[in-house]
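S.K.: Quick one, what's the 3D model for this:
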Amino acid sequence: MHLLSASCVRVFLWAALLHQASSLQTVIGLYGETFEIPCNNGAVKSEDILIIKWKYDKGEGTPGDLLVKQKNQNVSISTTDEYRGRIRLAANSSLLLSAAKLSDQRTFTCMVVAGADIAEYPVNVVIYKTAAGLEISDRAEELEIGKLTKLGTCVAKDSNPAANITWLKNKLPLQADGKGISIEASVLVNPATGLSTTTSTLKYSAQKEDTDAEFTCSTQPTLGSKLSSSPATFTITYSTENVVLQVTAQEPLVEGDNVTLKCVADGNPAPTAFNFHLKGELVKVENANSYTITHVTRNSSGEYKCSLVDNPTMGASKDITVNYIDIDLSPSGNIVKNAGDALDLSLQIDASGDYQVSWTKDNVKLDEEPVFAKLTYSDSGRYECEVKVGGLSQKAFLELTVEGVPVIKRLSKQRGEDGRHKVLICEAEGSPKPVVSWSINGTSLDESPFVNGKITHKITVVPTANLTVSCTVDNKFGVDSRTINVSSLNEEVRMDKQDQSDDNDQTKLVVGVVVGLLVATVVIGLAYLVYMKKSKQGSWKTGEKENGSSEEEKKLEEKVEENSQKAEV
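M.R.: Residues are numbered from 1 along each chain as shown. Down below sits the predicted model:
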């Protein structure tokens, strides 16, 4: 190992001045932490280095030695000032500096002697420090609409470089406009540490929509993430501009219900005293904004108002309608009338508004109000009318019973399907329900339901002789009876056979007549042919022409043929 003499070192140092780097590398260190200052960006190879030396600029061009290391020797610390105990040499020849502070913002130079070459690599050091935190202090107790008021102060302590503070409302940046937004910032440097404290004050003219708005302040450090303060909300005060009267009641509002009137004002703080105008009566309410009217009547309908006690011109009004329906159906209840009578039906209605009327009979809807000019049994039933006003309804009913003497409308008979019995049918009208009786006993009695004053009664009989059967109907108003002739089944069988015999005789007669006509036609035809033959012979004798005779013969033959066809029919 060879040691360089002091003269050699001086030579190398002088040569180094000739090889200084033309530009500076910049390294950022974080305040209070250890950071690395590289030598030639870490490109120095330790096996080629004879001497490596670190120094710094004390100011005004005065250098200060830090450490030196010769090849195959230990590091020699040469500084005795503030860097003693804070520096060490890394394996890659970088300078490690601990407990960084603002005074470390200067130029550090790495001098490298390799063979006959001497090079210097200056590095500019910058120290950054993030603010300790952001908080809004000196907050306003409340903000008044339209008045520029100091909202608060945001402080960013001990940072380097000085923090740039931004104010935000609902996470959107605020910009000073000289009217509704004013932002004033100042920076104070700590002479002992050199760190800066930034203070920013926001003055703000609030609007009504700023109620519940969140205000924050933030800063974006050169290194690290964005810093933000805790959000702050403020009470926004403003005078009442609008008053609304709210009505709370059951729907529909009817007589006997309660109604609550509530006066709602948009001022902040809200008014605490109100006047309620109750159809000529003035009621003052304090420390509340509502008033309840109990057991309303139809006379309670009308206009109601509320207003501010300290400003009677600021108020609101609303109409209240108490719904009611009075109906009078005459006659009503249970009504009994005689068939054929007239019934005058009258419905009187008194309601709080437009109404709708509907009618039903036995729960079946009617298209119009019933009219009874002449009552029939089918008019009997339960009539119900319903009157509606909005959601309110009222009903009345009439239970109509039409009574009268029973009358048999039809008495008929028919043969049973098997031909061995007969069914007698008695149809009657009357009310109350008539009792049906027969003058003959039978089986398979069948009675239809009594509907609309009508009833049908059937009886099955097997008559062995010709009979006259009567049907009788009666109720408390009278009796009606009818008779019908019923022949025996044997008689009907004999009559059927006789009818069949008569039909056979008539058929034979028709056939005889037709045969006779055919025979007569044949005879006439033969006679005609003989006649024509003789006529032709005579014409030969006289020498007459046959034209006329031929035509007559032809016509006669056609007539014979026509008669033959009629005879066949």
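
S.K.: the longest strand in the protein is where?
M.R.: strand 392-415 (DSSP state E).

S.K.: elements contacting the helix or strand following it?
M.R.: Downstream of strand 392-415, the next assigned helix or strand under DSSP states H and E is strand 422-431. Applying 3 or more C-beta pairs under 8 Å, 6 or more residues apart in numbering; DSSP states H and E, we find strand 422-431 packed against strand 392-415, strand 435-438, strand 454-461, strand 467-475, strand 478-486. From N, CA and C alone the C-beta is placed, and that goes for glycine too.

S.K.: Any chance of CSV for these, columns mean pLDDT?
M.R.: Formatted as CSV, these follow (pLDDT from 0 to 100):
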stretch, mean pLDDT
strand 392-415, 93
strand 435-438, 94
strand 454-461, 93
strand 467-475, 94
strand 478-486, 94
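
S.K.: quick one, which of these is nearest to residue 118?
M.R.: Residue 118 lies closest to strand 392-415 among the helices and strands packed on strand 422-431, at 110.3 Å (C-beta to C-beta).

S.K.: mind listing what residue 147 touches?
M.R.: Contacts for residue 147 (C-beta atoms under 8 Å, 6 or more residues apart in numbering) come out as 205-206.

S.K.: Kindly state the pLDDT recorded for it?
M.R.: pLDDT recorded at residue 147 is 93.

S.K.: If you drop the residues flanking it in sequence, what lies closest to the spatially most central residue of the chain?
M.R.: Centroid check for the chain by C-alpha atoms, centre = their mean gives residue 251 as the closest residue, at 22.6 Å. Distances taken as C-beta to C-beta, 6 or more residues apart in numbering put residue 391 closest to residue 251, at 6.1 Å, once the chain neighbours are dropped.

S.K.: Isn't the one you found up against residue 253?
M.R.: No: counting by C-beta atoms under 8 Å, residue 391 does not reach residue 253; the two are 9.6 Å apart.

S.K.: who's more crowded, those two?
M.R.: residue 253 (23 against 11; other C-beta atoms under 10 Å).

S.K.: Next, give phi and psi for that one.
M.R.: phi -80, psi 120 (degrees, to the nearest 10).

S.K.: same question, the one 5 residues further on
M.R.: The phi and psi torsions at residue 258 (degrees, to the nearest 10) take the values phi -110, psi 150.

S.K.: Pretty sure it sits against residue 300.
M.R.: No: using C-beta under 8 Å, residue 258 makes no contact with residue 300, being 10.7 Å away.

S.K.: So between those two, which is more surrounded?
M.R.: Applying other C-beta under 10 Å to residue 258 and residue 300 shows that residue 300 carries more neighbours, namely 18 against 13.

S.K.: Would you mind giving the domain segments of the chain?
M.R.: The record's domain parsing of the chain by automatic domain parsing lists 6-128, 134-237, 243-320, 325-401, 406-490, 509-568.

S.K.: on that earlier part again, that's a strand at the residue nearest to the centre of the chain, yeah?
M.R.: No: counting by DSSP: H, G, I helix; E, B strand; the rest coil, residue 251 is located in no strand; its state is coil.

S.K.: and residue 299, helix, strand or coil?
M.R.: helix.

S.K.: re the thing from before, can you add distance to residue 223 and give the helices and strands packed on strand 422-431 back as a markdown table?
M.R.: Shown next, in a markdown table, are those (distance: least, C-beta to C-beta, whole Å):
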| stretch | distance to residue 223 |
| --- | --- |
| strand 392-415 | 76 |
| strand 435-438 | 115 |
| strand 454-461 | 106 |
| strand 467-475 | 114 |
| strand 478-486 | 119 |
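
S.K.: Now mean neighbour count and distance to residue 130 too, for the ones you listed, in a markdown table please.
M.R.: Output for the helices and strands packed on strand 422-431, formatted as a markdown table (neighbours: other C-beta atoms under 10 Å; distance: least, C-beta to C-beta, whole Å):
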| stretch | mean neighbour count | distance to residue 130 |
| --- | --- | --- |
| strand 392-415 | 16 | 73 |
| strand 435-438 | 16 | 113 |
| strand 454-461 | 18 | 105 |
| strand 467-475 | 18 | 112 |
| strand 478-486 | 14 | 117 |
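
S.K.: Just the strands from the stretch 201-350 of the chain, written as ranges.
M.R.: 215-219, 227-228, 235-237, 243-248, 259-265, 273-278, 281-286, 290-293, 302-308, 315-320, 325-330, 333-338, 346-351 (DSSP state E, counting those that start in this stretch).

S.K.: now whatever helix or strand comes next after the last one against strand 325-330, angle please.
M.R.: Going back to what we said before, that points to strand 346-351. Going down the chain from strand 346-351, the next helix or strand is strand 356-361, by DSSP H and E. Strand 356-361 and strand 325-330 are oriented at 40 degrees to each other (axes from the mean of the first three to the mean of the last three C-alpha atoms, to 10 degrees).

S.K.: How about residues contacting strand 356-361?
M.R.: Residues contacting strand 356-361 (C-beta under 8 Å, 6+ apart): 347, 349, 365-366, 368-370, 381-388.

S.K.: After it, which helix or strand is next? Please name it.
M.R.: For strand 356-361, the succeeding helix or strand toward the C-terminus, using DSSP H and E, is strand 364-366.

S.K.: who does that next one touch, helix- and strand-wise?
M.R.: Contacts defined by 3+ C-beta pairs under 8 Å, 6+ apart place strand 364-366 against strand 356-361.

S.K.: Show me what the strand it packs on pairs with in its sheet, parallel or antiparallel.
M.R.: strand 364-366 (antiparallel), strand 381-389 (antiparallel) (DSSP bridges).

S.K.: so how far is it from its chain's centroid?
M.R.: Strand 356-361 sits 33 Å away from the centroid of its parent chain (C-alpha atoms, centre = their mean, to the nearest Å).

S.K.: Not counting sequence-adjacent ones, nearest residue to residue 339?
M.R.: Residue 339's closest residue in space is residue 404 (C-beta to C-beta, 6+ apart), at 3.5 Å.

S.K.: Roughly how far does that neighbour sit from residue 430?
M.R.: 6 Å (C-beta to C-beta, to the nearest Å).

S.K.: now do residue 330
M.R.: Counting by C-beta to C-beta - residue 330 and residue 430 are separated by 28 Å.

S.K.: okay, those two: which has more neighbours?
M.R.: More crowded of residue 330 and residue 430, by other C-beta under 10 Å: residue 430, with 28 against 11.

S.K.: Now do residue 127 against residue 30, distance only.
M.R.: Counting by C-beta to C-beta, the gap from residue 127 to residue 30 is 7 Å.

S.K.: meant to ask about residue 241
M.R.: Separation of residue 241 from residue 30 (C-beta to C-beta) stands at 54 Å.

S.K.: These two: which has the busier surroundings?
M.R.: residue 30 (15 against 11).

S.K.: List the residues that contact the more buried one.
M.R.: Going by C-beta under 8 Å, 6+ apart, residue 30 touches 100, 127-129, 223.

S.K.: got it, and residue 132?
M.R.: By C-beta under 8 Å, 6+ apart, the contact set of residue 132 is 156-159.

S.K.: out of those, which are inside strands?
M.R.: Of the positions in these, 156-159 sit in strands, assigned by DSSP E.

S.K.: out of these, who's nearest residue 467?
M.R.: residue 156 (127.4 Å).

S.K.: Give the bridge partners for that closest one, please.
M.R.: Bridge pairing for residue 156 - DSSP bridges - gives residue 134, residue 198.
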